[in-house]
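Trainee: this is a predicted model, with the sequence first.
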Amino acid sequence: MKKFYLTTAINYVNDDPHIGHMYEGIVTDVIARHRRRMGDDVRFLTGTDEHGQKIERAAAKEGVLPIELADRVVGVHHDLLKRLNISNDDFIRTTEQRHRLGVLEVFRRIQERIPDDIYLGEHTGWYCQSEETFIPDNQVKDGVDQDGHKVERTTEKNYFFALSRYTERLLTHYRTHPEFVWPPTRLNEVIAFVEPGLKDLSISRTSISWGIPFPGNPDHVIYVWADALINYLSALGFGSVENANVAKYWPADMHIVGKDIVRFHAVYWPAFLMAAGIELPKRIVGHGFWLRDQQKISKSLGNVVRPYNIIDDFGADALRYYVMREMVFGQDQDYSDQSLLTRYNADLANDLGNTLSRAIKMSSDYFAGKTPPTPCDDNDLLREARALVPQYLRQMDDLAFQRAIETAWQLLTAINSYIVTREPWKHFKTKGADETLSRVIWNSLESLRIVFVMMAPFIPASVREGLARLGSDPDRIGVQALEWGGLPNSVPVRVADPIFPRADVAQYLGEKKMSDAPQAVPPGPAKISIDQFMDVDLRVAEVKAAERVPKSKKLIKMTVSTGDEERTIVGGIGTKYTPEELVGRKVVIVANLQPAKLMGIESNGMVLAASIDGEPSLVAVDPSVPNGTRVR
Ligand code: MSP
């Protein structure tokens, strides 16, 4: 059995994970599941990076210890990994003893082999607090780096790693192993970075990610990329018994990381490993970023998309499918609720879900709740499947996931037109459930089964369900299951509710349901004049009647009185307030807002509320203030 070891980056714990972190987990999981079903002995490691100033500062802001913050965020990670059906075999935290021991061991080996590869020196440069790193002089202008972060001239006495010695060895490695960095454009970037010659790397106390006290000098910590290596070292006797057989998995076959950290993994990490005399990972794979309005989704930009609501409302597979289908692996992609809903409804609810329901229903109606009795090994769908499966497998090997899904969809489209042109419902009416009909329906179900098997790494839970409904063994998703002929005859099929119920797009978008922070935080509103403020007509109003808007969790339709007139206002306050408690309440409204339609109801104005993490809290006025009084 061929071993296959893959890792993700280890995520910082300064904040709860967002869609970018989960994307990396999902991609890695897709590869892990695919390798497993191809027969490999897979080991999949993920984890968290719990050292560094980012985390210290975030913890201080919350008034907790870094480890307390880390424990909380790690809890969220575990929960999300489980809910997203991510099949990691291990989860490493940099605060764990096995990690510390691993890092120490790398250090020990470097010092033993080439003692002056790590030396004490002095470094002066532009230090960026927010990136926790020194920025090269040519990337600093007017006291800020290329990303606009402030930098300070800083001198530090600290340890250096003699990276300059590894320039040639690294270049030789890239030349002899062009597959080492994927995609090739990233390899070119890496080579361009290394070619002019590498500078020694300052292992600074302030630039630490994966730190432990430097032996003999507790003020210093070591900067080592030890996420995957740790298991290798554990296996050499430094870790738990549980890891004792991990040595057989090293070197890693793939480190899956974002494009921002390809350099660390393709330059520094291999140099450390060379220094320690440890085999290099086989491939560094750099994926693109999820963006919002063309900007990277990140905590510091305040434009995060969190996966929880999407999973709650549509299931893990909807999110897994969306990120794998929408993003060309390796490139950037803009996230939007709208595109997620479109993919969900068009691809999953309609194409996949409806085709499955229709085919199963026909089988059940014509063949007494069972798969048809007659198999068929010469037909158009079989030829289509035999042509598409090898193409799909190549695409999976090439990490072209989006294309692999498209290939599965090609088969799905072929199934649909096969059914439409053969019109089995007419055949049944005129000739009954004869052998021809049996073959037509069986071919449709059998090719659908193959579509589901293709989709197994992407949407594992739905595939199990789909296969079970088709009368196939849900565990039969191995590579052999992609061959024609696997669906048993005359076994029960299951007619049930749609596997992907259609989403009401208007409702979701009306409620801004899916992403916690739907818009990027603007760089602080511009100052306005008193006249501009006065243009906004704020009035005290009284809620006279209120009712929930049907099919909406958030929206409440209110009739409010401003003294001389009554108007309808629809407000998204239904998660906090019931209609009953609103009636009789005084609120503040924007009275001169242009009317807008919300779920078909015209809303004339807006009720003011503070939003605490999306939870509304109405602005209150003294009940004695007459209706219609202006607020200024
Ligand atoms: N702790 C370091 C990595 C050390 S790896 C030994 C780190 N952590 S991170 O939390 O900032 O990012 C973790 C991973 O998530 C990185 O691979 C990063 O590229 C990825 N993503 C973070 N934001 C992202 C998007 N908006 N989109 C896609 N992935 C991105 O870097």
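Mentor: Right, received. Where do you want to start? Residues are numbered from 1 along each chain as shown.
Trainee: okay, CA-based contacts and neighbour counts for the rest of this
Mentor: Noted.
Trainee: contact residues of the stretch 251-400 of the chain facing the ligand?
Mentor: For the stretch 251-400 of the chain, the contact set with the ligand under Cα under 6 Å from any ligand atom comprises 257-260, 288-291, 296-298.
Trainee: hmm, which of these are the buried ones?
Mentor: 257-259, 288-291, 296-298 (16 or more other Cα atoms under 10 Å).
Trainee: what sits against P579?
Mentor: 545-548, 556 (Cα atoms under 8 Å, 6 or more residues apart in numbering).
Trainee: nearest to N303, of those?
Mentor: I556 (27.1 Å; Cα to Cα).
Trainee: what's the local residue count around the closest residue to the closest one other than its chain neighbours?
Mentor: Leaving aside its sequence neighbours, I556 sits nearest to R548 (Cα to Cα, 6 or more residues apart in numbering; 4.5 Å). Counted by other Cα atoms under 10 Å, the residues lying close to R548 total 18.
Trainee: sorry, back to before: in strands, which of the residues of the stretch 251-400 of the chain next to the ligand fall?
Mentor: Residues of those located in strands (DSSP state E): 257-258, 290-291, 296.
Trainee: just put those in JSON lines and tack on distance to G584.
Mentor: What follows is those, written out as JSON lines (distance: Cα to Cα, whole Å):
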{"residue": "V257", "distance to G584": "56"}
{"residue": "G258", "distance to G584": "54"}
{"residue": "W290", "distance to G584": "46"}
{"residue": "L291", "distance to G584": "44"}
{"residue": "K296", "distance to G584": "45"}
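Trainee: number of nearby residues for P390?
Mentor: P390, neighbours per other Cα under 10 Å, totals 12.
Trainee: before we move on, which element is it in?
Mentor: helix 380-397 (DSSP states H and E).
Trainee: pull up the gap between E542 and the ligand, please.
Mentor: 44 Å (Cα to the nearest ligand atom, to the nearest Å).
Trainee: distance of that residue from V621?
Mentor: 10 Å (Cα to Cα, to the nearest Å).
Trainee: of these two, who's got more company?
Mentor: Taking neighbours as other Cα under 10 Å, E542 and V621 compare with E542 leading, 25 against 14.
Trainee: distance between the ends of stretch 555-564?
Mentor: Note: stretch 555-564 ends 25 Å apart using Cα to Cα.
Trainee: dump the residue contacts of M38.
Mentor: Here M38 is in contact with 478-479 (Cα under 8 Å, 6+ apart).
Trainee: again with Q331
Mentor: 287-289.
Trainee: can you give me the pLDDT of it?
Mentor: Here the pLDDT value assigned to Q331 is 95.
Trainee: closest to the ligand out of the contacts of Q331?
Mentor: For those, the closest approach to the ligand (Cα to the nearest ligand atom) belongs to F289, at 3.4 Å.
Trainee: ok, now which ones touch the closest one?
Mentor: F289 is in contact with 20, 258-259, 296-297, 331-333, counting by Cα under 8 Å, 6+ apart.
Trainee: please apply the same query to E131.
Mentor: The contact partners of E131, taken as Cα under 8 Å, 6+ apart, number zero.
Trainee: same deal with I360?
Mentor: 445, 469-470, 493-495.
Trainee: one more: G277?
Mentor: Residues near G277 by Cα under 8 Å, 6+ apart: 109-110, 113.
Trainee: pick out the most distant pair among the ones in strands among the residues of the stretch 251-400 of the chain next to the ligand.
Mentor: Farthest pair in those (Cα to Cα) is V257 and L291. Separation: 16.2 Å.
Trainee: do a quick rundown of the helices in the stretch 151-300 of the chain.
Mentor: 167-176, 184-194, 229-233, 262-263, 269-276 (DSSP state H, counting those that start in this stretch).
Trainee: go through the ones you listed and name the closest to A400.
Mentor: Between A400 and the helices of the stretch 151-300 of the chain, the shortest gap by Cα to Cα is with helix 184-194, which sits at 13.7 Å.
Trainee: what sits closest to the residue of the chain most remote from its centre if chain neighbours are left out?
Mentor: Most distant residue from the mean C-alpha position of the chain: D564, 52.2 Å away (Cα atoms, centre = their mean). Leaving aside its chain neighbours, D564 sits nearest to G628 (7.6 Å; criterion: Cα to Cα, 6+ apart).
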